[in-house]
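S.K.: Need a 3D model of the sequence below.
(one chain, ligands or ions: 1)
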Amino acid sequence: MDHSSRSNLPSMENFWMPFTANRQFKASPRLLASAEGMYYTDVDGNQVLDGTAGLWCVNAGHGRKRIADAVERQLRTLDFAPTFQMGHPIAFDFAEKLGKMSPGGPSAQLDRVFFTGSGSESVDTALKIAIAYQRAIGQGTRTRIIGREKGYHGVGFGGISVGGLVNNRRIFPQIPADHMRHTLDLERNGFSKGLPPHGLELAEDLERLVQLHGAETIAAVIVEPLSGSAGVVIPPKGYLERLRAISEKYGILLIFDEVITGFGRLGTPFAVDYFGVVPDLITTAKGLTNGAIPMGAVFASRKVHDGLMHGPENAIELFHGYTYSGHPVASAAGIATMEIYEEEGLLTRGAAMAEPFQEALHSLKGHPHVADIRNLGLVGAIELTPRDGAPGTRAYDVFVDCFKNGLLIRVTGDIIALSPPLIIEKEHIEIIVSKIGDALKRVA
Ligand SMILES: Cc1ncc(COP(=O)(O)O)c(C=O)c1O
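M.R.: Now for the predicted structure:
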């Protein structure tokens, strides 16, 4: 569509868009104007089914009045107050509420909460906490962080250093890090339903990197329990358990980046609960406020938190924080979000919807260009064979086709990723799969 002929469009000149081919987009924009429940409405009034919970964040669906009311109330009561050497009750209330959700159960003691403004900030915060903790317990040589190929941990300098997506890394300087191999293996695990059977041995990469660098140089290892942004990589059976055992053996902290998996995505409140593996730190954002107000949170174990609560009582224990850490309006949105999750059982709803979602997705096997289908909880991926010499263009064309026909999906390279709101019903699953199936038949 030539947008110059449309009257309902804003000027495209000034907004430098993130992770977007700006010139291509602005020549033919896709603009969303409003949203309710499972649907967006675009600026031309077309309904678009949300197959991606916005960007993995609108877990309770769109337009939640309870969140809007809480935000409005808070804005009118206390719009902003600092949290550096000052406080306001609602940030403490939200932290207490999150602490009571106890990822991994009360015995995991993952209930000390550091607020941030986004997933990227949560990641950089967790990396700094890990390094500071090691130093505080007399392990000051531990400054290296281990990440993984294909990992996505946001766009801070820490996050790109431990991340494993080359385009995000190649031109920027980085902090000391090394990487385990990724676990995506279409040859052995193609079309797996749920956890893929092969690849547990890849966790031994952590042992190999310990032998290469020396445990005394490694502060932490960070992984997404299930990585989303790289195109949905689901951990092989037993893999996370093995990472926990190796990290513990060498005094390396384990960080789960749950920015995507946190708050019900796998049919459990956190991936920690799904896998029964307890890390030392968890990073979250996105579903924390249903995407309504930017906010992130790092859950730290009491061991890590208490390890830093030393020294003179008038000394700041961690030289780190953001103007918006514990922002009152974001806290209000977060509390309202948790109330919705609790009252509607959304943090475990994915468990019931996972099976119909899985079966519907796998019915696309045999459609044109489909190289793999994989899924866990309410996350799914359809990987396409790339066009010769033009990787990524086929999935992009499917994305555009789906959008024109009323479905929002997400593509990374030639992988279609799905992560619908947790309020999804079977009829929505059917629409998603049928629109993708039609697009696959149309796209060359
Ligand atoms: C696992 C993971 N970590 C971190 C981030 C970064 O979050 P943000 O975009 O809020 O900075 C993302 C975003 O998709 C993510 O998926």
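
S.K.: can you list the domain ranges for this structure.
M.R.: Per the record, the chain has its domains at 31-63+347-442, 69-344, by automatic domain parsing.

S.K.: Format those domains as a markdown table; extra columns: mean neighbour count and distance to Met12.
M.R.: C-beta coordinates here come from the backbone N, C-alpha and C atoms, glycine included. Output for the domains of the chain, formatted as a markdown table (neighbours: other CB atoms under 10 Å; distance: least, CB to CB, whole Å):
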| stretch | mean neighbour count | distance to Met12 |
| --- | --- | --- |
| domain 31-63+347-442 | 19 | 10 |
| domain 69-344 | 20 | 23 |
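
S.K.: Any idea which of these gets closest to the ligand?
M.R.: The ligand lies closest to domain 69-344 among those, at 2.1 Å (CB to the nearest ligand atom).

S.K.: Need the phi and psi values for His327.
M.R.: phi -50, psi 130 (degrees, to the nearest 10).

S.K.: Go ahead and confirm it touches Met295.
M.R.: Yes: assessed by CB atoms under 8 Å, His327 is found in contact with Met295 at 6.8 Å.

S.K.: Which neighbouring elements make contact with the helix or strand encompassing Lys435?
M.R.: Element membership for Lys435, per DSSP states H and E: helix 426-442. If contacts are counted by 3 or more CB pairs under 8 Å, 6 or more residues apart in numbering; DSSP states H and E, helix 426-442 sits against strand 47-50, helix 346-362, helix 393-404, strand 407-408.

S.K.: re earlier: so what sits against both of His327 and Met295?
M.R.: Each of Phe115, Gly117 lies in contact with both His327 and Met295 under the rule CB atoms under 8 Å, 6 or more residues apart in numbering.

S.K.: so what's Ile255 up against?
M.R.: Ala126, Leu127, Ala130, Ala220, Val221, Ile222, Val223, Pro279, Asp280, Leu281, Ile282, Thr283.

S.K.: pLDDT on the host helix or strand of Ala245, on average?
M.R.: Using DSSP H and E, Ala245 maps to helix 239-249. Helix 239-249 carries an average pLDDT of 98.

S.K.: what's in contact with the helix holding Lys435?
M.R.: Residues beyond helix 426-442 that count as contacts (CB under 8 Å, 6+ apart) turn out to be 38, 49, 51, 353, 356-357, 360-361, 363-364, 367-370, 382, 384, 398, 401-402, 405-407, 409, 416, 418, 420.

S.K.: Give me every residue in the stretch 251-400 of the chain lying close to the ligand.
M.R.: With CB under 6 Å from any ligand atom as the criterion, the stretch 251-400 of the chain meets the ligand at residues Asp257, Val259, Ile260, Ala285.

S.K.: Checking the most centrally placed residue in the chain next. Helix, strand or coil?
M.R.: The centroid of the chain falls nearest to Ile260 when counting by CA atoms, centre = their mean (2.3 Å). Assigned state for Ile260: coil (three-state reduction, DSSP: H, G, I helix; E, B strand; the rest coil).

S.K.: if I look at the closest residue to it other than its chain neighbours, how far off is Thr83?
M.R.: Leaving aside its chain neighbours, Ile260 sits nearest to Gly228 (4.1 Å; criterion: CB to CB, 6 or more residues apart in numbering). To Thr83, Gly228 is 30 Å away according to CB to CB, to the nearest Å.

S.K.: Please enumerate the helices of the stretch 251-400 of the chain.
M.R.: 271-275, 302-308, 328-344, 346-362, 393-404 (DSSP state H, counting those that start in this stretch).

S.K.: Adding mean pLDDT, write these out as TSV.
M.R.: Below are these laid out as TSV (pLDDT from 0 to 100):
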stretch	mean pLDDT
helix 271-275	98
helix 302-308	98
helix 328-344	98
helix 346-362	98
helix 393-404	98
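
S.K.: Quick check: which of these is nearest to Gly87?
M.R.: helix 328-344 (10.3 Å; CB to CB).
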